[in-house]
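Colleague: Build me a model from this:
(chains A and B)
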Amino acid sequence: MKPTAHWKQILACLPVLVFHAAPATAEPGPLPAFLETHCLECHDADSHKGNLDLTALRSDFATAETFARWVKIHDRITTGEMPPKKKARPEVGERAAFTEWLSGSLIKAEKALVDGAGRTEVRRLTRTEYENTLRDLFDMPGLALQNLLPADGSAHGFDKNSDALDISHVHLAKYLEAADLTLDLAIASQPKAPTVQKRRISLMNRGGFVAHIVMNGDGVLLRDMKPDPDFPASSEHKHIDQGAHEQIGSFETGSTVGLFRHEDESVSPYFMEHVTIYPGHYRVRTSLWAFQWDKGQVLPARGTEAARLSVVQLTGDGRGGQHPSYVLGYYDAPSLSPTQHEVNVWLNYNELIGFNAASLAPVANYNRKGRAMAFTGPGIAVDWLEIEGPLHEEWPPRAHRLLFGELPLKEFPTGEQEGQRPPVRKKVRQLGAGMNRPDPDPDPDPGTGLWSVQSDQPLVDADRLLAGFLPKAFRRPVSPEVRQSYREIVEHRLKAGECFETALREAYRAALCSPDFLYHVEPAGRLDDYALAARLSYFLWNSAPDEELLALAAGNTLHDPGTLRSQTERLLRDAKSKRFSDDFLGQWLKLRQIAANDPDKKLYPEFSPYLQDSMVAETRAYFRELIEKDLDATHLVRSGFAMLNQKLATHYGIEGVIGPKIRRVDLPPGCPRGGFLTQASILKVTANGTTTSPVVRGAFVLDRILGRPPEPPPSSVPAVEPDVRGTTTIREQLDKHRNDAVCATCHAKIDPPGFALESFDVIGGQRARYRSIGEGLGDPAPRGTIDPFIGISFKLGPPVDSAGIMPEGRSFSDIRDMQGILAEQPEVLLQSLARQFLIYSTGRDIAFSDRAALNDLLARTGAKGGVRSLLHQLIQSPLFQTR
Amino acid sequence: MTVFRLPQIHHPVCLGMLAFLCVFLFVPAGLEMAAAESIVQYRVNGLFQPDRQEALITAAQALEGCHLTGVEYDTALASFAYDPDHQLFKNAKPEQVLQRINDQIRRLTNGCFTLSLPGKLPPEKLVEIRFEIEGLDCLGCSFGAYRAVAGIDGVERATASFHEGRLTAWIDPAKTNREALAAALTKKEIKIIQP
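Modeller: Just a heads-up that it's a prediction; the model follows:
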């Protein structure tokens, strides 16, 4: 099969997709007697309550819309929701007979629809899967490709769903670009590894933000834990002329930099003297400590502070950085005790290390009278940052060996091989203010300085190398015919005058843009072992299967339940499983939207990026704890512990947690924290930065936690506008809305969990009264746990009412009651989580005909079964092992 | 500290004729100079405190094709001997000699020092302007204060020290005046103490 043949195969699937969307032509048939007796009165052509007219509903189940309508009818009748309580109830047997008939008809229709094609339609890799796959394939763990590609869509809550994974010419262009970038990085272009440079850097860089703010009083230089005598702290006078200080070397004395403020829109500290030229592994070390500054004196700190290191991508021209590309971590800065931290990190071209005195308040002495010499408050000291790299265990690196094996790198002999074009190399240069420089050209005398892989028997070597590469890239064996088609690319390029490296590179480029690489190749019906290996690894690692999985697939042993179980355990224990938890939570609990809005600074002045990162870290750690300890599904809503660091514990009003590291903390009795429901991350993604809405939060709970998504709101009903002045509570506003008969039915289900969550504000802080910023409204707010260096201007408005009544009439008084009610339904919670795992791992929604298998795996897990057990049962189930 | 004086000569051309004398009369032990070298004298910009002489001398040790033979803080003049046969100076005109030594000095000192031709006005004709100033006792700040006035056309020499609370400038009164200097200092947010 040629590389393009698979594209044809995919195109051949299009009629199936079209069939799904095709309108049915069948006319409405005669209604079953049950519906005529019990339903038609309210759902005929005249009444059509709930916008349902049974007389117009087709009965052939052929279209997705009709099918979904019948499923809804089935579910409403099965649960007893319909007919409504005030109407005559059907006999149990009568109801069972009808639902059994309807269920059978629906399953039969669905199976007819998917037979032959498989339930999971053809789907490509998501951006995340694509990036992870290339990172693992080439052993380049920080390769950054996601942002090159168009954003993925989302269906049924996840981007892995085939319904959302379209492909366009833009994708293809970007895949080519990404493949080129990957191959550029993978192919060694010099005979020796780039020189390892080790540099100790001050945060007080030339031309940087830090020098500027320190000169103006937002920091100081320290020597031996005292003010630097050669650089007095600014006072009534500030340091003048940054350029003069830079020229004369005031910032190159090796002094420690002490900062009094965290990063914000106006200040983004970087260690500017290293800007990465050679992508690769780097060892980063830093020395941090905390202190109390008292108008010129360095005293013991109030406690352990936290500093953040991040990786920042400079803008194209190398002049400035944007928000951190990603956070490396938060690190302890203990009182007057310099503490070294080390992290190994992959840095890409033009990346550097950013710094944030994260746990400090947004203090600004900048224009304050007396500046630093009038300031008393906490500071974080950075002695230095040391960066060493690029570090290569071997040269050429593994990525190069994957492509070219042991073929030698030789200087390109232009003169001796006339007519052969040399490989194209990008000039390596320093774009930023880094003091690290590119290596000089390797031994340019008397050669060309251009090094490339050479082969004495190009086609033989190409065939051998492709035979090794293609199965790894395609995650399954590759037939000789397919390999031959790639070999022909090499042959063609060689004839066109390309050198061996370029010719073979063209074949690799084609492979990385082929459907075999870009798509999940799964046979219809039961997955073969290779497809199972891929499904398992893309589920738990979000990446391609490793050699061990592929070896088991080759031996046809992966389907063995014992083997599959041990492999599931192995994957879960591996660090790469963090990709699963991060990606899954990013979508299931919408953590990807954590920064979708910035909380109002007047209402929530205590909010900071450190708090936000801690929120996400809590939820991720909690989820991993559920898996690690195999905790049951009630932990989705209630728990006796939480995963906290000092920042979050303070935010939650829990004492005794010191430092930025997330750890398991037992909660005091009566504390509503623990469980996703009351985690600050969830409370933030379900708020708009200014106000909370019981509707939004209630809908989130129904959809994401209970797996019972509410109906979308009718387009004719306007949204409730928040009142930030604090005169009207959201409950008062909603009451008007709920009194509308059209809205009442749905809101009776949606609002109760949302009302219970009203006791938490937009950043997840617990509250008894709403905050307000209206003039003359409310009472002065107590500081509570808010940092004393943060100004407070909000007031306390009306009290929060977190009580309510569940649809079945049960009342609750607060969030603890609500957690209790929800925790009484472990089977509902477990089923909801199972559904989310299934959608995520199989790339499709749960079909009506999947319900029996789903119930079966839930029964095998047991209502008290843990999350890890659920994962095992799911992976062993036919739902997971069938396309 | 290697500090020594040369007779004050205002035109670099004259210096060549005096090279022979300089070798024997003014070069201290340890600083040897080839007989074929030429001597030039320039004004040093950046010599705002006495201890900056040492920074200049240290940096000048890395000069190529030439070397520093003397520097005088009180006049801000420095003498350099260069090898006319060195590739940097071969067939170089006087202004090219200045440019090439200046380029090296600027690079070696990160721009803290630069060279220019000495002013034409005799020292006795310069007017001394003195400001009492307030600010942080920091080398960088003093340099900043110096830079605030040193670049003004007509300022032949300046010194600055927040430690002493003083900035002094020697100016050509035909080109600038006290008010211009005060304005430059104020613009840099340097507080001048009014007498």
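Colleague: Can you show me the strands along chain B?
Modeller: Remark: strands assigned in chain B by DSSP state E are B:38-45, B:66-72, B:77-82, B:114-116, B:127-134, B:155-161, B:166-171, B:191-193.
Colleague: CSV for these, including distance to residue A:186 and mean pLDDT?
Modeller: (Glycine included, C-beta is placed from N, CA and C.) Formatted as CSV, these follow (distance: least, CB to CB, whole Å; pLDDT from 0 to 100):
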stretch, distance to residue A:186, mean pLDDT
strand B:38-45, 52, 96
strand B:66-72, 50, 96
strand B:77-82, 52, 96
strand B:114-116, 48, 97
strand B:127-134, 60, 96
strand B:155-161, 56, 95
strand B:166-171, 60, 96
strand B:191-193, 60, 94
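Colleague: Nearest to the spatial middle of chain B, which residue is it?
Modeller: With distances taken as CA atoms, centre = their mean, residue B:44 lies nearest the centre of chain B, 1.4 Å away.
Colleague: and of the strands of chain B, who's closest to residue A:561?
Modeller: For these, the distance to residue A:561 is smallest for strand B:114-116, at 80.5 Å, taking CB to CB.
Colleague: Quick check: buried residues in the closest one?
Modeller: By 16 or more other CB atoms under 10 Å in any protein chain shown, the buried positions in strand B:114-116 come out as B:114-115.
Colleague: Tell me the strands beside that strand, with direction?
Modeller: Strand B:114-116 has its sheet partners listed here by DSSP bridges as strand B:38-45 (antiparallel).
Colleague: How far off centre is the partner strand?
Modeller: Taking CA atoms, centre = their mean, to the nearest Å, one finds the center of strand B:38-45 at 8 Å from the center of the full chain.
Colleague: just stretch A:477-484 next, same as before
Modeller: Relative to the mean C-alpha coordinate of its chain, stretch A:477-484 is positioned 36 Å out (CA atoms, centre = their mean).
Colleague: Give the rounded mean pLDDT of it.
Modeller: Stretch A:477-484 shows a mean pLDDT of 97.
Colleague: could you pull out the helices for chain B?
Modeller: Taking DSSP state H as the test, the helices found in chain B are B:12-25, B:52-60, B:94-108, B:139-150, B:178-187.
Colleague: quick one: buried residues of the longest helix anywhere in chain A?
Modeller: Counting residues, the longest helix found in chain A (DSSP H) is helix A:92-114. Within helix A:92-114, the residues scored as buried using 16+ other CB under 10 Å are A:95, A:98-99, A:102-103, A:105-107, A:109-110, A:113-114.
Colleague: hey, C-alpha coordinates of whatever helix or strand comes next after that helix in CSV?
Modeller: As assigned by DSSP states H and E, the chain's next helix or strand after helix A:92-114 is helix A:127-138. What follows is helix A:127-138 as a C-alpha-only set of coordinates in CSV (Å, rounded to 0.1, in the frame of the first residue of the first chain):
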residue,chain,number,x,y,z
ARG,A,127,-2.5,17.9,19.3
THR,A,128,-1.4,16.6,22.7
GLU,A,129,-1.2,13.0,21.4
TYR,A,130,0.7,14.2,18.4
GLU,A,131,3.3,16.1,20.5
ASN,A,132,3.7,13.3,23.0
THR,A,133,4.1,10.7,20.3
LEU,A,134,6.9,12.6,18.7
ARG,A,135,8.5,13.4,22.0
ASP,A,136,8.6,9.7,22.9
LEU,A,137,9.5,8.5,19.5
PHE,A,138,12.5,10.8,19.3
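Colleague: Which residue ranges make up each domain of chain B?
Modeller: B:12-116, B:123-190 (automatic domain parsing).
Colleague: now, of those, which is deepest in the fold?
Modeller: Sort the domains of chain B by mean neighbour count, taking mean count of other CB atoms under 10 Å in any protein chain shown, and domain B:123-190 sits at the top with a mean of 19.
Colleague: Any residues of chain B in contact with chain A? List them.
Modeller: Contacts of chain B with chain A, taken as CB under 8 Å from any CB of the partner chain, map to B:110-112, B:134-141, B:143-148, B:188-191.
Colleague: please redo it, this time with the cut-off set to 6 Å
Modeller: Applying CB under 6 Å from any CB of the partner chain, we find that chain B lies next to chain A at B:110-112, B:135-136, B:138-141, B:143-144, B:147, B:188-189.
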